[in-house]
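Participant: Have a look; sequence and predicted model below, questions after that.
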Amino acid sequence: MTVTIQFCGAARTVTGSCYHLTHPGGSFLVDCGLFQGSKTLRELNYGAFPFAADKVDFVLLTHAHIDHSGLVPKLIKVGMPGPVFATAGTRDLLAFMLPDSGHIQESEVERLNLRNAQRDRPPVTPIYTRVEAEESLARLRAVEYGAWISCGPGVRARWWNAGHILGAASIEIEIATGDEKKPTLRLLFSGDIGPEHKLFHPDPEAPTGLDYLIVESTYGDRDRPDITPAARRRQLKDEVQTALKRGGNLLIPAFAVERTQELLLDLQHLVLAGEIPAAPVYVDSPLAIRATQVFLNHAPSLEDTDKVPHPFAAPNLRYVETVEQSKALGRVVSGAIIVAASGMCDAGRIRHHLKQNLWRPEATVLFVGYQAPGTLGRLLLENTSQVRIHGEEISVRAAIRRLDVYSGHADRSELLAWVRKRLPVSQATFLTHGEESAMAALRDDLAGAGCDLARTFLPELDDCVVLGENRPRWLKGPRRLPSEAVGGPDWHNSYAALVLDLQHTLRDLGDDSSRQSMIEKLRQVLGHKLKSRPPT
């Protein structure tokens, strides 16, 4: 019998990490994450899995980020019978992250269904609810770094520190093939690899002598300057000082897990050194608040937590728990630092704060993490002049800034160094978890680092490959999306931009007659494809 791997997510895109492996003893997943980014990509979260969930024996998780773990409750809901293996840090984070994800989905669907009812469209149901997410937690099984475990018939695995977030790991897997000539295959899934000298964590580590390497490529096409912790804090200081001098609020969209805690630590460094004022810092994310407690529980295993006394309990730090408290922040128009999720501005409380502040020229929005194509965060970084949030048009007058020194991912040089240490890879290397340009650039650079270019592949979404043969054999099968719809902005983004452009154009015309004339011309161009509706 054969061993196959299907790339069910994070293939020529950065989110939705999910790999389905079949082998003589059954089948299993590595990661089962939510898609983020364009609406077309996010709609995959609501569709059927490209495999039979009830035939999946178990799941191995690299880490807790929702784009790697967020579909686990749905997988269990539709019939996956087995356990979910993860490190203790990942397990403890998921105890809050998965229920929070369910709550967000319920809230977003409730808002969407209100609009659907107003537009005479059918209602939709959440991917899963908070209760279903809470029930899924019973399936989690904690593992230790470096210890082999038997996951099921013919499969064993061990987890290696990946230096990305609390509990993050690369997963080494041995699979029995039933082939006398090649009785086992050794695979390594990198997960998300952290940069060198990252706050809280030691540098990544992993084994060598592999048959197959599946490696992320998020920043495979760019290098960040080498930077010391002191230099990183100086850059943050400059951004904070400039933002507060503008006279408005400083909004920082930040991932609730790790990025928020890193920022809090560095902000308190700067306050204690007298380099920034002790401005009120609002952490407006219940998930971030609970994740911070998990960090405190794991403090003995984390680095850098002894540099600042009580960094998560400073006098100027305010934790915002309730919706009412969050709404009250809308009355704060200046002098505050508001750290809120989600990091890509696609959901959560940050969207409400953006509605309150984007139109204010004295406000500042500071991005400190990756923004996927098609997300609101990416649109803001691309200098759009107007955006739609919760169906409302918001002009962008605030300063939009970016600070790329808090990335949780290894850059190009660090990825190359990490892969070089894994060599030799006897069969094939698969590049995943990256935009196509980043993957292609990393593939070319790997050729110069000792990888066989002819055995380095860039799989597309839903590609299925037979392993264990002299050369990977690609199987044809259905795709949930065409290739061009996976990696970038979609028609929903184009439609929103077109509507805003049309409104601006009509507004700029001199009189109502000219506006009516343009509308009639548009109707003529669209012709029979335009459904005529009575005026309202």
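Facilitator: Here it is on my side, so go on. Predicted model, so just to flag it, every value in this text is computed and none were measured.
Participant: Tell me how far the residue nearest the centre of the chain lies from Leu34.
Facilitator: Centroid-nearest residue in the chain, with CA atoms, centre = their mean: Asp67, separated by 4.9 Å. From Asp67 across to Leu34, the span is 6 Å (CB to CB, to the nearest Å). In this view, the C-beta of every residue, glycine as well, is placed from N, C-alpha and C.
Participant: Now for the two: what residues contact both?
Facilitator: Thr15, Gly16 (CB atoms under 8 Å, 6 or more residues apart in numbering).
Participant: Quick one: the helices in the stretch 351-500 of the chain, in order.
Facilitator: Remark: helices assigned in the stretch 351-500 of the chain by DSSP state H, counting those that start in this stretch are 376-381, 412-422, 436-448, 491-508.
Participant: Take those helices and write them to TSV, including mean neighbour count and distance to Lys74.
Facilitator: Below are the helices of the stretch 351-500 of the chain laid out as TSV (neighbours: other CB atoms under 10 Å; distance: least, CB to CB, whole Å):
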stretch	mean neighbour count	distance to Lys74
helix 376-381	21	24
helix 412-422	19	31
helix 436-448	18	27
helix 491-508	13	22
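Participant: For Val109, find the nearest of these.
Facilitator: helix 491-508 (17.1 Å; CB to CB).
Participant: State the phi and psi torsions of Ala86.
Facilitator: phi -160, psi 160 (degrees, to the nearest 10).
Participant: Which neighbouring elements make contact with the lowest-mean-pLDDT helix or strand in the chain?
Facilitator: Least confident helix or strand of the chain, by mean pLDDT, DSSP states H and E, is helix 491-508 with a mean of 78. Using 3 or more CB pairs under 8 Å, 6 or more residues apart in numbering; DSSP states H and E, the elements in contact with helix 491-508 are helix 39-42, strand 386-389, helix 512-526.
Participant: Just the C-alphas of that helix, formatted as CSV.
Facilitator: What follows is helix 491-508, C-alpha atoms only, in CSV (Å, rounded to 0.1, in the frame of the first residue of the first chain):
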residue,chain,number,x,y,z
TRP,A,491,-13.9,39.7,-6.7
HIS,A,492,-15.4,40.7,-3.4
ASN,A,493,-12.4,43.0,-2.8
SER,A,494,-12.7,44.3,-6.4
TYR,A,495,-16.5,44.9,-6.0
ALA,A,496,-16.0,46.9,-2.8
ALA,A,497,-13.3,49.0,-4.5
LEU,A,498,-15.6,49.6,-7.5
VAL,A,499,-18.5,50.7,-5.4
LEU,A,500,-16.3,53.2,-3.5
ASP,A,501,-14.8,54.5,-6.8
LEU,A,502,-18.3,54.9,-8.4
GLN,A,503,-19.5,56.8,-5.3
HIS,A,504,-16.5,59.2,-5.5
THR,A,505,-17.0,59.7,-9.2
LEU,A,506,-20.7,60.5,-8.9
ARG,A,507,-20.1,62.8,-6.0
ASP,A,508,-17.4,64.7,-7.9
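Participant: who touches it?
Facilitator: Helix 491-508 is touched from outside by Ser38, Lys39, Thr40, Gly374, Leu379, Thr384, Gln386, Arg388, Glu393, Arg515, Met518, Ile519, with contacts defined as CB under 8 Å, 6+ apart.
Participant: now the angle between helix 512-526 and that helix, please.
Facilitator: Between the axis of helix 491-508 and that of helix 512-526 there is an angle of 150 degrees, by axes from the mean of the first three to the mean of the last three CA atoms, to 10 degrees.
Participant: quick one on the thing from earlier: hey, which of the helices and strands packed on helix 491-508 is tucked in deepest?
Facilitator: Highest mean neighbour count among the helices and strands packed on helix 491-508 (mean count of other CB atoms under 10 Å): helix 39-42, with a mean of 20.
Participant: ok so, going back, can you tell me how far the residue nearest to the centre of the chain sits from Thr218?
Facilitator: Taking CB to CB, one finds Asp67 at 11 Å from Thr218.
Participant: Which residues are in contact with each of those two?
Facilitator: Val14.
Participant: In what element of secondary structure is the closest residue to Phe430 other than its chain neighbours found?
Facilitator: Counting by CB to CB, 6 or more residues apart in numbering, Phe430 lies nearest to Ile214, which is 4.8 Å off, once chain neighbours are set aside. Assessed by DSSP states H and E, Ile214 sits inside strand 210-216.
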